[in-house]
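Visitor: no letters, just coordinates:
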């Protein structure tokens with residue numbers, strides 16, 4: 001059998017995802033006849049039929065489904081290798097950190113500030129993305145490391161370092177009656193007839209069933225909440241993007257969310273190792289959103305409200321290979337590696353830099 005070309009795999013995946021040769025050709029920026037010829041040539045090389053063709057489009061065969069499952073990670077690996085090779089030859093070192101826009105804002109600031117204080121630390125380039133995109137950016141080499149959240153994000157194939165575990169809040173329109181509550185249960189938040197829960201895409205890109213609006217980014221979501229069209233339940237630290245028209249109410253029985261760093265499990269990058277080492281010693285307590293009747297002042301300080309709403313997390317997984325096999329191992333401390341120190345205190349030590 002002749003070797004399969006990367007170009008042929010890209011063509012195949014485009015047709016498999018579009019279910020139509022014309023649409024796939026448009027997506028690839030080529031004419032349809034060359035695409036059709038390339039797919040037929042690939043089928044001849046493999047000795048199998050990859051697609052059933054009809055007037056309406058194409059449907060993938062069982063052999064095609066197998067190739068699709070194998071080709072996607074293979075292309076990710078090739079793309080990652082090319083990107084990292086080119087970056088390795090660049091004159092300036094950078095560490096690309098992917099994060100969902102608006103998520104764990106204070107945590108991200110503390111991590112960047114602390115890392116900048118390390119000797120010979122590679123500058124961090126922050127790559128902002130939408131919900132669930134961090135895993136793809138890591139797998140294709142567009143990012144070196146990512147700030148992600150368990151249990152929401154796809155962590156398959158990554159090593160992780162837990163940073164912070166916290167409770168969740170419901171973000172409500174300020175004028176809605178539920179905004180006057182000091183707390184809610186999941187059942188109360190998920191069953192509001194005039195305020196259906198917003199629906200985020202699942203890991204496979206599809207949306208769960210439900211009456212709420214489909215959203216892909218926080219700008220959409222913020223507008224819909226402000227207009228009284230939806231509510232959502234998110235980690236307390238995500239309050240950074242709240243609008244004045246929003247109110248955050250703690251959801252007492254929502255499952256905890258852990259913010260963490262994730263990186264490819266086969267990484268041997270010393271720059272990643274350095275950042276993970278910094279993260280393992282970070283002292284962070286996130287301050288949850290505080291609410292009262294219609295968003296009024298409850299008299300409770302943010303610091304006191306934080307107690308019981310967030311807990312620093314001990315390391316949960318392996319550090320990069322270059323840490324596991326040398327004296328550069330991530331330092332471990334009895335119990336938690338975090339101390340009850342306000343994040344603002346850490347940031348103040350770097351002010352004016």
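Guide: Cool, got the structure. All figures in this text were calculated on a predicted structure; none of them were measured in a lab.

Visitor: average model confidence for stretch 200-218?
Guide: What stretch 200-218 shows for mean pLDDT is 85.

Visitor: now do stretch 22-40
Guide: Stretch 22-40 comes out at a mean pLDDT of 93.

Visitor: what comes up buried for that stretch?
Guide: Within stretch 22-40, the residues scored as buried using 16 or more other Cβ atoms under 10 Å are 24, 25, 28, 35, 36, 38, 39. From N, CA and C alone the C-beta is placed, and that goes for glycine too.

Visitor: tell me the secondary structure of the fifth one, please.
Guide: Read it as residue 36. helix (DSSP: H, G, I helix; E, B strand; the rest coil).

Visitor: and for the second one?
Guide: For residue 25, the secondary-structure state derived from three-state DSSP is helix.

Visitor: can I assume it is in contact with residue 38?
Guide: No. Here residue 25 does not reach residue 38: they are 10.2 Å apart, not a contact under Cβ atoms under 8 Å.

Visitor: any chance you could map the strands in the stretch 51-200 of the chain?
Guide: In the stretch 51-200 of the chain, the segments counted as strands under DSSP state E, counting those that start in this stretch are 51-54, 57-60, 95-100, 124-129, 145-150, 158-166, 168-173.

Visitor: what's the most buried one of those?
Guide: Neighbour counts (mean count of other Cβ atoms under 10 Å) averaged over each of those peak at strand 168-173, with a mean of 26.

Visitor: distance from that one to the middle of the chain?
Guide: What separates the centre of strand 168-173 from the centre of its chain is 20 Å, taken as Cα atoms, centre = their mean, to the nearest Å.

Visitor: hang on, the earlier thing: format the buried residues of stretch 22-40 as JSON lines; extra columns: distance to residue 103.
Guide: JSON lines is the format used below for the buried residues of stretch 22-40 (distance: Cβ to Cβ, whole Å):
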{"residue": "24", "distance to residue 103": "34"}
{"residue": "25", "distance to residue 103": "37"}
{"residue": "28", "distance to residue 103": "33"}
{"residue": "35", "distance to residue 103": "39"}
{"residue": "36", "distance to residue 103": "43"}
{"residue": "38", "distance to residue 103": "40"}
{"residue": "39", "distance to residue 103": "40"}
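
Visitor: before we move on, back to that, and the strands of the stretch 51-200 of the chain as CSV, adding mean pLDDT?
Guide: Converted to CSV, the strands of the stretch 51-200 of the chain look like this (pLDDT from 0 to 100):
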stretch, mean pLDDT
strand 51-54, 90
strand 57-60, 88
strand 95-100, 93
strand 124-129, 92
strand 145-150, 95
strand 158-166, 94
strand 168-173, 94
